[in-house]
Structures are given as C-alpha cells and as structure tokens.
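Participant: what's the 3D shape of this:
(chains A and B)
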Amino acid sequence: NAGVTQTPKFRVLKTGQSMTLLCAQDMNHEYMYWYRQDPGMGLRLIHYSVGEGTTAKGEVPDGYNVSRLKKQNFLLGLESAAPSQTSVYFCASRGTSSSEQFFGPGTRLTVL
Amino acid sequence: RKEVEQDPGPFNVPEGATVAFNCTYSNSASQSFFWYRQDCRKEPKLLMSVYSSGNEDGRFTAQLNRASQYISLLIRDSKLSDSATYLCVVNMYDYGQNFVFGPGTRLSVLP
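Facilitator: The predicted structure follows:
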C-alpha cells in the first residue's frame, strides 16, 4: 500500500499561471481533504470531499477548485496563481469508521 | 481569537525530561480531539486521540478538560526521536469534516 501520494512534490509558478495538484489514495477512503500550511499557522482546510463526485468548500477556498471524479483521486486546481498561494499543500484521506486522517507527503508550491 | 491555540514554543529540553504541551479551543461544541506529530518538512501523523477520561500510550499522556476547553499532552522520559512539532486538532462533530488544527508547538530534545 502506497497510502496517500501527491504529485508533484515541488513546483514553481509565475503569477497568473495555472496548475493541478493530484492526490491519490489506495485505502478505499470515502473522505478526502486539501489543506495548506503556512509558517506560524495551522493547517487550513481548502476543500474537501465526502465521496466520489462530491466536493465542498473549506475555510480558505478562494482561488482554488477541486474535482473528485474517481474515489481514489482528488485534484486541486489553481486557475490563476498568486504569490499569496505560495505554501505547502497537503492532501489527506480517512475512512468512514475512523477519525484518523492519513496525509500525503505534501507539495511545496512557490508562486513568483 | 483563534479557534485552536497552542503554547508557542519552541521547547528545548534535555533527554529524559518530562515536558507538557497545552492547547485551548474556543468552540464548546467540539466533540473530538487529537494530537498529531509533524517532523520537519514531513506530513502530520496521528499521535493519539484524546478521550474525556484521559488516556495514555507508553510515555505519552493526553488529558481533556471540557469545562476549561483545554487539552494537554505530557511526554515522559523524552527521547531524541521525540523532536518534532506537535499539532493539537479539534473536531466539532464526531466524524464531521471540520478538523481545526492548531499552529503547533515545536519540541527539540537535546542530548
């Protein structure tokens, strides 16, 4: 089992460029989450999904879109990157019978 | 006021020391509580859930005080490998979606 994987691991963008971050899990988990982590702040929830085909906004959704076309994948899109989106992005998943979240290794994104 | 606040740290302690971290949360409707551990430049991993009666896992003890909206984590006999950032996490509903993370407290255990 790979658990939760994220691609890419690192990325540098210019302001205005777009990109998609991919999260994949092989644990058959229903719930998936995208967080961002900035220095001195806790992880903040961007979007989440409670199942295939469903998504919902979290605490800081502006500037991001998501899709969950397959149960194992959760995509995070940046349509027009801004320097304020420079951060470390973590994906997580969890099953329906547990409150434990399993995190991916993170994507370090820099927007110039 | 932030929803979840933690001791700012960092805590620098010698090997073998006992260290305690505190966490407070603002939403009295919060239902479930956790401590996660995050190593430098790595992903968070669940250390332990926190139960109302308090719970222990080896050298780690977690306590919850609902009246004061306060959670603690005690680490006894600190090891070098305990060096990490400890994240307090609060959830409003059992198995709900809104997991709120504190900013973390960094611990360095020194030889």
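Participant: and for A:Phe102, the neighbour number?
Facilitator: By other C-beta atoms under 10 Å in any protein chain shown, 19 other residues sit near A:Phe102. For every residue, glycine as well, the C-beta is placed using N, CA and C.
Participant: just the pLDDT at it, thanks.
Facilitator: At A:Phe102, the pLDDT value in this model is 96.
Participant: that one and A:Cys91 touch, don't they?
Facilitator: No - contact criterion C-beta atoms under 8 Å: A:Phe102 and A:Cys91 do not qualify, at 9.5 Å.
Participant: could you check how far the residue most central in space within chain A is from B:Ser32?
Facilitator: By C-alpha atoms, centre = their mean, the mean C-alpha position of chain A lies nearest to A:Trp34, the distance being 3.0 Å. In this view, A:Trp34 and B:Ser32 are 21 Å apart by C-beta to C-beta, to the nearest Å.
Participant: please apply the same query to B:Pro44.
Facilitator: Following C-beta to C-beta, the distance that separates B:Pro44 from B:Ser32 is 16 Å.
Participant: comparing these two, which shows the higher neighbour count?
Facilitator: Higher neighbour count among B:Pro44 and B:Ser32: B:Pro44, with 27 against 18, using other C-beta under 10 Å.
Participant: those residues of chain A touching chain B, which are they?
Facilitator: Applying C-beta under 8 Å from any C-beta of the partner chain, one finds that chain A approaches chain B through A:31, A:33, A:35, A:40-45, A:48, A:50, A:56, A:90, A:96, A:99-101, A:103-106.
Participant: look at the residue of chain A positioned farthest from its centre and report its pLDDT.
Facilitator: Using C-alpha atoms, centre = their mean, the residue of chain A lying farthest from its centre is A:Ser97. It sits 21.7 Å away. pLDDT, A:Ser97: 86.
Participant: for it, helix, strand, or coil?
Facilitator: Here A:Ser97 is coil, with the state taken from DSSP: H, G, I helix; E, B strand; the rest coil.
Participant: still on that earlier bit, the residue nearest to the centre of chain A: which element?
Facilitator: Element membership for A:Trp34 (DSSP states H and E) is strand A:31-37.
Participant: which residues does that strand contact?
Facilitator: With C-beta atoms under 8 Å, 6 or more residues apart in numbering or on different chains as the test, strand A:31-37 has contacts from A:21, A:23, A:25, A:43-51, A:58, A:60, A:64, A:66, A:68, A:74, A:76, A:85, A:87-96, A:101, A:106, B:97, B:99, B:101.
Participant: just the CA trace of that strand, in PDB.
Facilitator: The C-alpha trace of strand A:31-37 is given here as PDB (Å, rounded to 0.1, in the frame of the first residue of the first chain):
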ATOM      1  CA  TYR A  31     -13.300  11.300   2.700                       C
ATOM      2  CA  MET A  32     -10.500  13.400   1.100                       C
ATOM      3  CA  TYR A  33      -9.200  16.800   2.100                       C
ATOM      4  CA  TRP A  34      -6.900  19.500   0.700                       C
ATOM      5  CA  TYR A  35      -5.100  21.700   3.300                       C
ATOM      6  CA  ARG A  36      -2.500  24.400   3.000                       C
ATOM      7  CA  GLN A  37       0.200  25.000   5.700                       C
END
